[in-house]
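Engineer: Give me a model of this one.
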Amino acid sequence: MLSVALNIFIKYNMRNCNQFVPIPKICVRRSNLIEDALNSFLNENWGLKSPIASFLTQSRLVVEFLGEVGVDSGGLRREFFSLLVDELLNCEYGLFKLCSRDTAYWLTGYELGFAIQTELIGFVIGLALLNGDTLKVPFPKVFFRKLLSSNRNLLKSTIFKNYQSSSEQYIMFKPVTSTNFIVLKVMEKDQLILRSNYNPDLTKFIYLRQIDKVYKSLTQLPEYTPTLQDLEEIEPEIADNIYKLYLMSCDSNIANLNLTFSVTKDCLGEFQEIPLKDKNGNEYSMEKLVTNQNVLEYIEALLNYYLIYNIETQFDNFYLGFHRACACSLFMHLTPEQLAFTLNGIEGEIDVNHLEKVTQYLNGYDEHSQVIKWFWVCFRMLSSSDKKKLLMFITGSERIPLGGPEALELKITNPGGSSDRLPWAHTCEKILLLPNYPSYELLSDKLRIAIEHNRGFGLY
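Structural biologist: Sure, this is the predicted structure:
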């Protein structure tokens, strides 16, 4: 039911895009992906910082890789999202680090002047969600919990203050107190505006409507409250020590430990002692001693530090980018588990048997064709990582999307011509062009070569 609801929403959202909003297109080089993506999304007419940044939620993104002849109908976009997120998540870039268990990524907490890059990755992940594309975003569940919570810092930011002051200039009716009412009235009169001689700044109307949607969504979200279970996901040893401290306080005098309401922060190799804060952001005195009477207050302050304040600036930027792209009531009602599932697709081993049952065959091939039988034998013989590479080669994504193998609509066709050619794919249509190889060994060799060199497109 979740997959059906999301697919319906995405199709409805794209079909009902504003007629005066252009389809966004970006051109990037594979060798300079992050910089080119930033330059494209910071375009003065549309993009990450423009007043109509969020119009991207109403039109599917089109991507062109410079120097390649690919025509994007979805496959290039999926590959762009995947490659860009992989680069930004790379620990060497400095935005994210692996959690203690090396199974998920968490923000580093370093303020390296990469605010726009952090907002970019949130924006791109939000766009992928809206476009129905799956990504490998191995964040812990607490990260998704925070994304689906309200953000006091963002609601106080200039983006909403500017919105409040700008709305009065563009309202066509008598002043009202509800910004949501403004949006309803604008939507009600859209066609009348377009047909009349009155020519308001339509860009501004798009902006007001989108910002109101973001503001309304964010104010309705629950507030995030850190828990020991959340901390255990990212720092299990610290969480274990906190729990041991609590148990110790039940039968021992912990004042003898000489703990204070402070924490040592690693600032790129320089260690600084900083005060802990309460949930409202008020700093404690670093001389305040931890006692049996205030140990719960101390534990709460530690949780606030590790899960909120230590990554606050970074997370606020990520949060802003994500919600600029996809703030809407449907996604905001997902649980953290559902949001992770929607973004990541179906994890684990690819079910080749299921995929074979739902694959369609074209141009003379059917399930009884010898080369098709060999193909599925070869697919099953691949390692888990190579199976993902093959799926990436055919579809532009290594994940089975929400909705299962049926949602892939995978097709295999006979391209004709010489059997000396490598297989190739139209990733946008998810079609594998598989020559009619005369032997299993030749098919296996050609297929392995193709999936090991699966970046770069022909005319798709």
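Engineer: alpha carbons only for contacts and neighbour counts from here, please
Structural biologist: Fine.
Engineer: For the helix or strand hosting residue 304, name the packing helices and strands.
Structural biologist: Under the criterion of DSSP states H and E, residue 304 resides in helix 295-307. The contact analysis (3 or more CA pairs under 8 Å, 6 or more residues apart in numbering; DSSP states H and E) places helix 295-307 against helix 228-234, helix 236-249.
Engineer: Between helix 236-249 and it, find me the angle.
Structural biologist: Relative orientation of helix 295-307 versus helix 236-249 (axes from the mean of the first three to the mean of the last three CA atoms, to 10 degrees): 170 degrees.
Engineer: For the remainder of this discussion, apply numbering that starts at 8.
Structural biologist: From this message on, residue numbering opens at 8, which makes the last subject helix 302-314.
Engineer: For helix 302-314, list every residue counted as buried.
Structural biologist: Across helix 302-314, burial judged by 16 or more other CA atoms under 10 Å covers 302, 305, 306, 307, 308, 309, 310, 311, 312, 313, 314.
Engineer: what's the answer for stretch 433-445, then?
Structural biologist: Residues 433, 434, 435, 436, 437, 438, 439, 440, 441, 442, 443, 444 are the ones in stretch 433-445 that count as buried (16+ other CA under 10 Å).
Engineer: To residue 353, which of the helices and strands packed on helix 302-314 lies closest?
Structural biologist: In terms of CA to CA, the element of the helices and strands packed on helix 302-314 nearest to residue 353 is helix 235-241, at 20.9 Å.
Engineer: Show me the contact partners of the closest one.
Structural biologist: Helix 235-241 has contacts (CA atoms under 8 Å, 6 or more residues apart in numbering) with 106-108, 111, 113, 147-149, 245-247, 310, 313-314.
Engineer: which one among the residues you listed gets closest to residue 377?
Structural biologist: residue 111 (42.3 Å).
Engineer: how many other residues sit next to the closest one?
Structural biologist: By the other CA atoms under 10 Å criterion, the neighbourhood of residue 111 contains 17 residues.
Engineer: again, but for residue 372
Structural biologist: Neighbour count of residue 372, defined by other CA under 10 Å: 17.
Engineer: Run through the residues that contact it.
Structural biologist: Going by CA under 8 Å, 6+ apart, residue 372 touches 379, 419, 420, 421.
Engineer: can you do 10 Å?
Structural biologist: Neighbour list for residue 372: 378, 379, 419, 420, 421, 441, 443 [criterion: CA atoms under 10 Å, 6 or more residues apart in numbering].
Engineer: Over to residue 351?
Structural biologist: Counting by CA under 10 Å, 6+ apart, residue 351 has contacts 136, 140-146, 345, 405-409.
Engineer: before we move on, back to that, please list only the buried members of the contacts of helix 235-241.
Structural biologist: Buried positions within the contacts of helix 235-241, assessed by neighbour count (16+ other CA under 10 Å), are 106, 107, 111, 113, 147, 148, 149, 245, 246, 310, 313, 314.
Engineer: Break the protein down into its domains, please.
Structural biologist: Domain segmentation of the chain under automatic domain parsing yields 9-156+319-351, 165-226, 235-314, 359-459.
Engineer: quick one: low-confidence parts of the protein?
Structural biologist: Applying pLDDT under 70 to the chain flags residues 8-30, 50-66, 76-81, 109, 161-225, 334-337, 409, 461-467.
Engineer: thinking again about what came up before, how about the contacts of residue 351, which pair is most distant?
Structural biologist: Distance extremes for the contacts of residue 351: the farthest pair is 345 and 405 at 19.2 Å, using CA to CA.
Engineer: Between these two, which has more neighbouring residues?
Structural biologist: residue 405 (27 against 15).
Engineer: And the more buried one, its phi and psi?
Structural biologist: Dihedral pair for residue 405: phi -90, psi 0, per degrees, to the nearest 10.
Engineer: Show the contacting residues for it.
Structural biologist: 85-86, 89, 141-143, 351-354, 357, 392-399.
Engineer: With adjacent residues omitted, what lies nearest to the residue nearest the centre of the chain?
Structural biologist: In the chain, the residue lying closest to the centroid (CA atoms, centre = their mean) is residue 132, at 2.1 Å. Of all residues not flanking residue 132 in the chain, residue 329 sits nearest, at 6.6 Å (CA to CA, 6 or more residues apart in numbering).
Engineer: and the one you found, that one's in a helix?
Structural biologist: Yes - assessed with DSSP: H, G, I helix; E, B strand; the rest coil, residue 329 lies in a helix.
Engineer: follow-up on the earlier one: and the contacts of residue 351, which of them are in strands?
Structural biologist: Among these, none falls in strands (DSSP state E).
Engineer: Including distance to residue 254, could those go into CSV?
Structural biologist: Listed next are the contacts of residue 351 as CSV, based on distance: CA to CA, whole Å:
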residue, distance to residue 254
136, 43
140, 46
141, 43
142, 41
143, 38
144, 36
145, 32
146, 30
345, 34
405, 45
406, 43
407, 45
408, 45
409, 43
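Engineer: Which stretches in the stretch 108-257 of the chain count as strands?
Structural biologist: Under the criterion DSSP state E, counting those that start in this stretch, the stretch 108-257 of the chain contains strands at 112-114.
Engineer: Quick one: the helices in it, in order.
Structural biologist: Using DSSP state H, counting those that start in this stretch, the helices of the stretch 108-257 of the chain run over 122-138, 148-154, 159-162, 165-177, 186-195, 197-202, 209-226, 235-241, 243-256.
Engineer: Closest to residue 32 out of the contacts of helix 235-241?
Structural biologist: Proximity of the contacts of helix 235-241 to residue 32 (CA to CA) peaks at residue 113, which lies at 30.5 Å.
Engineer: which ones are touching that closest one?
Structural biologist: By CA under 10 Å, 6+ apart, residue 113 lies in contact with 96, 98, 102-107, 145-147, 149-150, 240-241, 318, 322.
Engineer: in the sheet, who's paired with it?
Structural biologist: Under DSSP bridges, the beta-bridge partners of residue 113 are residue 104.
Engineer: Residue 144 versus that one, what's the distance?
Structural biologist: To residue 144, residue 113 is 11 Å away according to CA to CA, to the nearest Å.
Engineer: list residues touching both of those two?
Structural biologist: residue 96.
Engineer: Only alpha carbons, please: show the helix holding residue 311 as PDB.
Structural biologist: Extracted in PDB, the C-alpha atoms of helix 302-314 (Å, rounded to 0.1, in the frame of the first residue of the first chain):
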ATOM      1  CA  VAL A 302      22.500  12.500  37.000                       C
ATOM      2  CA  LEU A 303      19.400  12.300  34.800                       C
ATOM      3  CA  GLU A 304      19.800  16.000  33.900                       C
ATOM      4  CA  TYR A 305      23.400  15.200  33.000                       C
ATOM      5  CA  ILE A 306      22.400  12.200  30.900                       C
ATOM      6  CA  GLU A 307      19.800  14.300  29.000                       C
ATOM      7  CA  ALA A 308      22.500  17.000  28.400                       C
ATOM      8  CA  LEU A 309      24.900  14.400  27.000                       C
ATOM      9  CA  LEU A 310      22.200  13.100  24.600                       C
ATOM     10  CA  ASN A 311      21.400  16.700  23.500                       C
ATOM     11  CA  TYR A 312      25.100  17.200  22.800                       C
ATOM     12  CA  TYR A 313      25.700  14.100  20.800                       C
ATOM     13  CA  LEU A 314      22.400  14.000  18.900                       C
END
